[in-house]
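Kindly return the folded structure for what I paste below:
(2 chains)
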Amino acid sequence: MVSYTPSSEDVRLYEIAVLFPYPMNQKEEAELHKSVEEIFTEAGAKLIFKDAWGRRGLAYKIGGFNEGTFIIYYQEMEPKRLEEIEEQLRILKGVLRHMVVKPPKHYQIAPYADSYEKWKEHSRLEEERKNQEREDKKLKQVVEKAKRSQTRDKKPVEDAKPAVTGEALTQQLEKLISDKDLEI
Amino acid sequence: MSARRQNQQQRTDPRLKKCSFCDKETLYIDYKDYPALKPYIDYFGNIRKRYYTGICLRHQKEIKNAVERARFMAMLAYRK
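Below is the predicted model of the structure:
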């Protein structure tokens, strides 16, 4: 976190975001960054903070590129020199997009690259945890269902057991028939 | 009658919803802060209505600004 206070009344803070294409020669990239920074120095801007984001996927294709790198410059300069910078950035080859934003009063300059990565990692872990929980729940349900079906299958067998079969049955029947006290 | 009413989809009273940005006393919504903007964008990339999210008008306007900036810089999609 960097808090900014203007050094004089003629200047103010500008936040300039520049988007570069991602698969690029290291040499070309360095040159491009240099030329962008030259534009700022020519306009008499003073660099307050620079936030370089790494490789990032783009939401839509720009100039045939699916990935890009952002650099956010926080520059202190005179408002009348802004037009010049915008024009130069527009003309410069290799810059996919650029945008100048006037941050509000008492704006806290913070690097967003790290926080984004952290958030991404956190959300990924959260997703994994949720998936794991869902799978565990499913597994539990399947096991319980199997248990229930097993007990259901067993029950009728238990009922049939006490029935008498074979010789014991004939013996018992004969005993009943031969019983003289019984009147049928 | 009451059972029938219970079966119907329950929707929270819009008057009871609170603006999450007002609770945190945010003064400025940054277009670079993707995690902060994400809950206010639907699957297709549209900005969610204030009626559903419960945000106050002031912060809704700031979100609109931030989302449009992020869309221009290809951090968010115009249409998915």
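
Which strand or helix spans A:I72?
Element membership for A:I72 (DSSP states H and E) is strand A:65-77.

can you tell me the helix or strand for B:R71?
helix B:57-72.

hang on, the earlier thing: buried residues in the strand holding A:I72?
The neighbour-count check on strand A:65-77 (16 or more other C-beta atoms under 10 Å in any protein chain shown) flags A:F65, A:G68, A:T69, A:F70, A:I71, A:I72, A:Y73, A:Y74, A:Q75, A:E76, A:M77 as buried. For the C-beta atoms, the positions are set from N, CA and C on the backbone; glycine is no exception.

Who is the last one paired with across the strands?
Going by DSSP bridges, A:M77 is paired in beta bridges with A:R12.

tell me the contacts of it?
A:V11, A:R12, A:Y14, A:F40, A:A43, A:G44, A:A45, A:K46, A:I85 (C-beta atoms under 8 Å, 6 or more residues apart in numbering or on different chains).

would you turn the buried residues of strand A:65-77 into TSV with pLDDT?
As requested, the buried residues of strand A:65-77 are arranged in TSV below (pLDDT from 0 to 100):
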residue	pLDDT
A:F65	92
A:G68	93
A:T69	93
A:F70	93
A:I71	93
A:I72	93
A:Y73	93
A:Y74	92
A:Q75	91
A:E76	91
A:M77	90
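
picking that back up, which helices and strands sit right next to the helix holding B:R71?
Using 3 or more C-beta pairs under 8 Å, 6 or more residues apart in numbering or on different chains; DSSP states H and E, the elements in contact with helix B:57-72 are strand A:97-101, helix B:20-24, helix B:34-37.
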